[in-house]
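Undergrad: sequence-free structure coming up:
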Ligand code: UGB
């Protein structure tokens with residue numbers, strides 16, 4: 001009590017609120033005024049910060065925690081009385097006429113879309129020390145995830161009459177500064193000033209027992225222990241920052257969420273926007289076929305005892321027990337298709353902004369928290385270590401009112417829609433052994449080439465390959481020609497078809513084709529072997545002038561602004577680039593190490609726009 005004399009009125013008020021919530025232990029060890037006052041101020045400042053960064057403040061956090069900890073102790077089943085079933089949704093074959101029709105509709109609707117990238121997670125599981133959005137999607141062009149995402153949004157904006165479609169990036173203390181630096185180093189990858197907004201998530205207080213006492217650090221009794229709250233924070237931040245409301249008032253209709261390392265996201269997202277438009281979905285989750293027990297959440301229809309039902313992500317560790325307890329004693333098993341009948345959630349969501357904002361105003365954006373304490377023993381009275389509340393962004397539909405239209409869109413070809421970079425080489429190998437996709441830097445890069453080559457093939461190009469490959473102990477891989485292009489060149493099937501006369505294109509088995517320039521027209525190309533780079537303005541690589549001058553065939557550069565660089569009759573054959581497997585103990589960069597190869601660039605031909 002003596003310490004109150006020097007505290008601000010604001011601090012006294014906060015301390016009183018915490019005392020009323022049974023948190024006296026936070027201050028019980030405080031010495032008399034004059035002793036360790038700086039430490040006391042430090043704790044008060046941290047408590048103020050924790051109070052301000054949670055919707056409803058620390059008192060609400062403690063109350064929510066107490067309720068969830070009680071439920072956890074009593075073993076309350078969150079799915080009590082629920083009967084799961086396989087939901088009905090739109091199932092699309094990537095590149096089919098129906099898919100292309102929906103993609104067309106999605107591209108046409110993109111002018112009404114705002115985008116949100118959750119990028120607060122560190123690549124600990126991946127064994128990468130940098131931020132994941134700085135990783136190259138592929139080694140041919142070296143384009144990083146953030147550049148690919150921003151260029152995809154710029155490309156969609158260009159099709160909407162040059163509109164600056166907003167992008168919010170959720171960062172955390174782990175990723176914020178490095179994300180800012182990456183953006184600034186590259187002039188925001190061409191985004192307009194103000195087009196990209198960063199919102200930083202804060203950690204939440206840890207809890208030391210079932211009474212939700214906030215945990216103080218063992219070595220520092222003037223600091224509360226904190227941990228991440230999860231990607232569900234994005235909803236609270238879009239609300240508290242006013243961004244969601246602003247987008248709505250500016251006339252945006254949809255908000256699209258995506259993860260940090262799925263290079264293929266914009267190959268499927270426009271079609272999902274098309275599906276949302278067609279069905280007027282309030283919530284639409286993109287999904288892919290999922291192997292039974294694969295560590296991907298499952299999109300599930302749940303019917304409650306009172307007849308209400310919802311379509312929601314059920315995390316993989318909850319799905320198996322839920323199925324065993326209800327409709328299938330065998331649990332989560334594959335059906336005749338070789339996949340689980342429950343599609344896999346890939347955390348790419350299209351939400352109707354009006355519904356989203358209304359919901360944020362109802363809850364302040366704190367959505368479906370959960371707690372996962374590790375108990376010391378079966379009595380569930382003590383924890384092995386402190387715990388905290390967590391939340392996941394895909395749980396957003398859990399609290400939606402009756403009558404909300406919740407759907408999903410499955411893309412049947414996983415490799416065309418979802419290939420995230422999440423696992424270290426060791427974890428990737430064990431996943432692959434279990435028959436699952438390795439979700440590694442290796443698979444992320446190889447799937448990108450696969451998707452691009454198959455897209456060109458489907459449009460009529462002759463693409464040789466794939467060649468069998470083994471990297472980082474992952475055997476049976478398919479290495480297609482290393483074909484990559486910027487979304488500024490082609491951001492949809494229609495655009496690719498309009499810019500490439502695919503029937504006149506041949507790409508050899510080990511060739512590499514990199515298209516960075518937006519304004520290119522390929523009328524005919526025989527890329528027999530080696531590498532061809534079509535560089536954008538200001539990207540003229542060394543040797544480009546010579547390559548153009550040497551220009552076999554009739555490829556020409558058009559000097560006038562707006563005229564495309566036309567590739568016609570070009571035959572390419574050079575020593576090219578080699579994707580060389582790393583040998584054990586070979587020195588390599590982290591980016592190479594997690595892929596299991598390095599690219600040896602021997603020779604290339606470069607064309608450049610003026
Ligand atoms: N992320 C944040 O921005 N902040 C955080 O506090 C945590 C993460 P993970 P996770 O797609 O395979 C999800 O760690 O959570 C960002 C789904 O829950 O890669 O284990 C982070 O930067 C699961 O249902 O994934 O699992 C990244 O961009 C399944 O769909 C994103 O959140 C799984 O993804 C995802 O974080 C999957």
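TA: Received the coordinates, thanks. The structure presented is a predicted model; accordingly, all values stated were derived computationally and were not measured. Numbers count the residues shown, from 1 in each chain.

Undergrad: Residue 536 versus residue 134, what's the distance?
TA: Taking CB to CB, to the nearest Å as the criterion, residue 134 is separated from residue 536 by 20 Å. All C-beta atoms are positioned from the backbone trio N, CA, C, and that covers glycine.

Undergrad: Could you do residue 112 as well?
TA: For residue 112, the distance to residue 536 - CB to CB - is 28 Å.

Undergrad: cool, and residue 459?
TA: Residue 459 sits 22 Å away from residue 536, taking CB to CB as the criterion.

Undergrad: More neighbours: residue 134 and residue 536, which one.
TA: Counted by other CB atoms under 10 Å, residue 134 and residue 536 do not tie: residue 134 has more neighbours, with 21 against 18.

Undergrad: hang on, residue 188 packs against residue 153?
TA: No - at 11.2 Å, residue 188 does not count as touching residue 153 under the criterion of CB atoms under 8 Å.

Undergrad: which one of those two has more residues nearby?
TA: Applying other CB under 10 Å to residue 188 and residue 153 shows that residue 153 carries more neighbours, namely 28 against 18.

Undergrad: mind listing what's buried in whichever strand or helix holds that one?
TA: Assessed by DSSP states H and E, residue 153 sits inside helix 145-159. Buried residues in helix 145-159, counting neighbours by 16 or more other CB atoms under 10 Å, are found at 145-159.

Undergrad: pLDDT of it, averaged?
TA: For helix 145-159, mean pLDDT is 98.

Undergrad: contacts for that helix?
TA: Helix 145-159 has contacts (CB atoms under 8 Å, 6 or more residues apart in numbering) with 107-108, 110-111, 113, 115, 117, 132-135, 137, 163-165, 167, 179, 182-183, 186, 188-191, 196, 258, 260-261, 263, 265-266, 270, 486-488, 491.

Undergrad: can you tell if that helix touches the ligand?
TA: No - using CB under 6 Å from any ligand atom, helix 145-159 stays clear of the ligand, coming no nearer than 9.7 Å.

Undergrad: which residues are contacting stretch 417-436?
TA: Residues contacting stretch 417-436 (CB under 8 Å, 6+ apart): 94, 123, 125-127, 132, 135, 259, 261-265, 267-268, 286, 288, 291, 294-295, 344, 346, 411, 437-444, 447-448, 472-474, 593-594, 596.

Undergrad: From those, list the buried ones, please.
TA: Among the contacts of stretch 417-436, those scoring as buried are 94, 123, 126-127, 132, 135, 259, 261-265, 267-268, 286, 288, 291, 294-295, 344, 346, 411, 437-444, 447-448, 472-474, 593-594, 596 (criterion: 16+ other CB under 10 Å).

Undergrad: tally of neighbours for the closest residue to residue 395 other than its chain neighbours?
TA: Spatial nearest neighbour of residue 395, chain neighbours left out: residue 368 (3.7 Å); criterion: CB to CB, 6 or more residues apart in numbering. Neighbours of residue 368 under the rule other CB under 10 Å: 19.

Undergrad: now the closest residue to residue 136 other than its chain neighbours: how far from the ligand?
TA: Using CB to CB, 6+ apart and skipping residues adjacent in sequence, the residue nearest residue 136 is residue 142, 4.9 Å away. Going from residue 142 to the ligand by CB to the nearest ligand atom, to the nearest Å gives 21 Å.

Undergrad: Residue 135 is in contact with residue 142, correct?
TA: No - using CB under 8 Å, residue 142 is not in contact with residue 135; the gap is 10.2 Å.

Undergrad: Return the residues of the stretch 401-550 of the chain in contact with the ligand.
TA: 420, 422.

Undergrad: how about the helices of the stretch 401-550 of the chain, start to end?
TA: With DSSP state H, counting those that start in this stretch as the criterion, the stretch 401-550 of the chain has helices at 414-417, 425-433, 441-458, 493-499, 544-550.

Undergrad: Which one of the ones you listed lies nearest to residue 224?
TA: Closest to residue 224 of the helices of the stretch 401-550 of the chain is helix 425-433 (CB to CB; 32.1 Å).

Undergrad: Let me see the mean pLDDT of the closest one.
TA: Here the average pLDDT along helix 425-433 is 92.

Undergrad: what's the angle from it to helix 441-458?
TA: In terms of direction (axes from the mean of the first three to the mean of the last three CA atoms, to 10 degrees), helix 425-433 departs from helix 441-458 by 50 degrees.

Undergrad: how about helix 425-433: buried residues?
TA: 425, 427, 428, 429, 431, 432.
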